[in-house]
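Engineer: Got a predicted model here, sequence first, then my questions.
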Amino acid sequence: MRTAYCFDLDGTVTTREILPCIASELDIAEEVSTLTQLTMQGLISFEHSLRLRALILGHVPVGRVHEIIDEIGLDPQIVEFVHERSEVCFLITGNLDLWIGPLASRLGCRCISSKANLVNGRIRIDHVLDKGEAVHELRRSGRFERIIAIGDGANDVPMLKVADVSVAFGGIHSPTPPAVLAADYVVHSGGSLCSLLKAL
């Protein structure tokens, strides 16, 4: 059975949330972290939150954003799992392709993300990803008989609900209650996650 593995990026593959790290450059990490947590809990819609955070963090040059992201740790066991199965692993992230492109290239798998570009030096968001729709598109491709989704927050719930198997992951913090409710399994470390995925 050919299986697609769909990973959330922030706090799942990465060992820190990306946007608060970028916010540190503007000395507003705590404020953006609070906004990120409210979004993960589902108290603010992901689209509105992303647009607001992009407006604020767009003051950091894209090149500097890439440097900041490059310094963020990755879960080594998840990275190994992805590298060994790059043809069937996908990053499904609401983060902006403009920011996370180099990181996705390093991981060596396909990345499905929100889309943005620079217009007169300012970030313009062209598309905010619906993670559930991303999973539906993978299914419609006919390449996979089964889809497994892994995520930790409210914005992951759409893909957790429509996947064949779903995992709420608590790598750097506990998965949010909406993610837990939508999941078939709950795990709290990269090692446990990879062991589960290999067993499924």
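Structural biologist: Structure received.

Engineer: Farthest out from the centre of the chain, which residue is that? Tell me.
Structural biologist: Within the chain, the residue lying farthest from the chain centre (Cα atoms, centre = their mean) is Asn120, at 27.5 Å.

Engineer: so what's that residue scoring on pLDDT?
Structural biologist: Per-residue pLDDT puts Asn120 at 86.

Engineer: ok, Pro76 touching Cys194?
Structural biologist: No - applying Cβ atoms under 8 Å as the test, Pro76 and Cys194 come out as separate, 10.0 Å apart. Where C-beta positions appear, they are placed from N, C-alpha and C, glycine not excepted.

Engineer: Who has more neighbours out of those two?
Structural biologist: Taking other Cβ atoms under 10 Å, Pro76 and Cys194 do not tie; Cys194 has more neighbours (19 against 11).

Engineer: Check the gap between that one and Arg146 for me.
Structural biologist: Cys194 sits 17 Å away from Arg146, going by Cβ to Cβ, to the nearest Å.

Engineer: buried stuff in the helix or strand bottoming out on mean pLDDT in the chain?
Structural biologist: Ranking every helix and strand in the chain by mean pLDDT, DSSP states H and E puts helix 29-40 at the bottom, with a mean of 83. Residues of helix 29-40 classed as buried: Ala29, Val32, Ser33, Leu35, Thr36, Gln37, Thr39, Met40 (neighbour count, 16 or more other Cβ atoms under 10 Å).

Engineer: Counting neighbours, show which residues of stretch 55-70 come out buried.
Structural biologist: Neighbour-count burial for stretch 55-70 [16+ other Cβ under 10 Å]: Ile56, Leu57, Gly58, Val60, Val62, Val65, Ile68, Ile69.

Engineer: got a markdown table for these, with distance to Ala134 and secondary structure too?
Structural biologist: Below are the buried residues of stretch 55-70 laid out as a markdown table (distance: Cβ to Cβ, whole Å; DSSP: H, G, I helix; E, B strand; the rest coil):
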| residue | distance to Ala134 | secondary structure |
| --- | --- | --- |
| Ile56 | 25 | helix |
| Leu57 | 23 | helix |
| Gly58 | 24 | coil |
| Val60 | 26 | coil |
| Val62 | 23 | helix |
| Val65 | 23 | helix |
| Ile68 | 25 | helix |
| Ile69 | 21 | helix |
